[in-house]
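K.L.:
this one's structure only:
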């Protein structure tokens, strides 16, 4: 089979997210017809973008509450490690590169992150802070969680690293410009050592949401433990610290 990597962020937003929501509604049949949603990283960006789009159109998103973890619509004011990849965007577009084998790259790099001389050990710290994640889980994450990614998807996400933040494929709709029009409560969670989506980026997006609808939580202490990008969902302490916070928030807003 020949796989065509011809989809972008808006395909997820306009097709996959609505399809997933309809599937869940059909199987759970909520009394009020509304769901609650939790999104990590790009999952949270999708939820923000959905709320922004629906808010701009005056439509009901069909959600009672949303939790985002390590997600933002604009990374320009933060020191995100992703900024170092931005110079690659224009050559990728000019050369019409169809995809990036991210999974194969990380799998090949892993031995150099986990054994002497640890020349790429910084990659591990971008995923997990210190020993927050069990080594076996970290290894499974690297080998199984990443795959080949369409260049169109990465190029659209790269707009979040530029002025005005993430935009649609037409580059005319900027999602953060309309996030203030949402009408449902949001819990925005950040990790103190997240190099991919730093707390500053998470908080900046949260600050655009009406104050009465948003809660911002930062996990991690000055003297540790610390939370990097994936520790919020897979770290040793996530089940005791992060998950209860998420469940409590959603329980308050999910009455039906």
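P.N.:
Nice, thanks for sending it over. Since we're looking at a predicted model, the values are computed, not measured.

K.L.:
which regions of the stretch 51-200 of the chain sit below the pLDDT cut-off?
P.N.:
84-124, 146 (pLDDT under 70).

K.L.:
what are the ranges of the helices in it?
P.N.:
89-94, 102-114, 121-127, 135-144, 151-157, 199-207 (DSSP state H, counting those that start in this stretch).

K.L.:
quick one: residue 225 and residue 128 touch, right?
P.N.:
No: using C-beta atoms under 8 Å, residue 225 is not in contact with residue 128, being 11.0 Å away. In short, each C-beta sits where N, CA and C put it, glycine included.

K.L.:
what is in contact with these two at once?
P.N.:
By the contact definition C-beta atoms under 8 Å, 6 or more residues apart in numbering, residue 225 and residue 128 are jointly contacted by residue 235.

K.L.:
ok, now which ones touch the spatially most central residue of the chain?
P.N.:
Per C-alpha atoms, centre = their mean, the C-alpha nearest to the average position across the chain is that of residue 41, at 1.4 Å. For residue 41, the contact set (C-beta under 8 Å, 6+ apart) comprises 69-71, 196-197, 229.

K.L.:
Sort out for me which of these are in strands.
P.N.:
residue 69 (DSSP state E).

K.L.:
farthest-separated two in the contacts of residue 41?
P.N.:
Of all pairs drawn from the contacts of residue 41, the greatest distance, 11.7 Å, lies between 69 and 196 (C-beta to C-beta).

K.L.:
my guess is residue 245 meets residue 216, correct?
P.N.:
No: the pair residue 245 and residue 216 fails to qualify as a contact (C-beta under 8 Å) at a distance of 11.6 Å.

K.L.:
So for these two, which residues contact both of them?
P.N.:
Common contacts of residue 245 and residue 216 (C-beta under 8 Å, 6+ apart): residue 189.
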